[in-house]
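Novice: need coordinates for the below:
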Amino acid sequence: MTATDATAKATPSLHATISGTVQGVYFRAWVCDQAVSLGLNGWVRNLADGQVEVLAQGAPDALAALKERLPQGSPLARVDSVTATMIDYDKAYTAFAIRG
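Specialist: Have a look, this model is predicted:
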């Protein structure tokens, strides 16, 4: 595969890592609801270190809206920090899912 092939298959995506009290407080379900309401695809999952990771794909304005909402979090969550960057991801998703 050439570099051009890789670029053609890459999907612009928002990759975020959220820290704070974000596990066991319905944070993943809240992120999923937000993403679906914005028409985004991708996934959210807990990390072993207590953080939550998000990969979202969709319209740039919807990705920006999700990025703005992440610091709020679910009602029981306490978000201490959000690290979010736009990346080119090598897989395109067709729905938004909660992972382990």
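
Novice: what ranges do the strands span in the protein?
Specialist: For the chain, strands defined by DSSP state E occupy the ranges 11-21, 41-46, 52-57, 78-89, 96-98.

Novice: okay, the ones you listed in CSV with mean neighbour count and mean pLDDT next?
Specialist: From N, CA and C alone the C-beta is placed, and that goes for glycine too. Converted to CSV, the strands of the chain look like this (neighbours: other CB atoms under 10 Å; pLDDT from 0 to 100):
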stretch, mean neighbour count, mean pLDDT
strand 11-21, 18, 96
strand 41-46, 20, 98
strand 52-57, 22, 98
strand 78-89, 14, 97
strand 96-98, 17, 98
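
Novice: need these in TSV with distance to residue 32, can you?
Specialist: Output for these, formatted as TSV (distance: least, CB to CB, whole Å):
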stretch	distance to residue 32
strand 11-21	13
strand 41-46	6
strand 52-57	10
strand 78-89	16
strand 96-98	5
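
Novice: what separates residue 34 from residue 91, distance-wise?
Specialist: Noted for residue 34: a distance of 21 Å to residue 91, by CB to CB, to the nearest Å.

Novice: cool, and residue 97?
Specialist: Using CB to CB, we find residue 97 at a distance of 13 Å from residue 91.

Novice: how about residue 74?
Specialist: Distance from residue 74 to residue 91, by CB to CB: 27 Å.

Novice: now residue 75
Specialist: 32 Å.

Novice: ok, now residue 59?
Specialist: Look at residue 59 and residue 91: by CB to CB, they are 18 Å apart.

Novice: rewinding a little: neighbour count winner among residue 74 and residue 91?
Specialist: The neighbour count for residue 74 versus residue 91, taken as other CB atoms under 10 Å, is higher for residue 74 (18 against 11).

Novice: which residues touch the more buried one?
Specialist: Residue 74 is in contact with 25-27, 29-30, counting by CB atoms under 8 Å, 6 or more residues apart in numbering.

Novice: which residue packs closest to it, ignoring adjacent ones?
Specialist: Spatially, and ignoring its direct neighbours in sequence, residue 74 is nearest to residue 30 (3.6 Å; CB to CB, 6 or more residues apart in numbering).

Novice: pLDDT score for the one you found?
Specialist: Note for residue 30: predicted pLDDT of 98.
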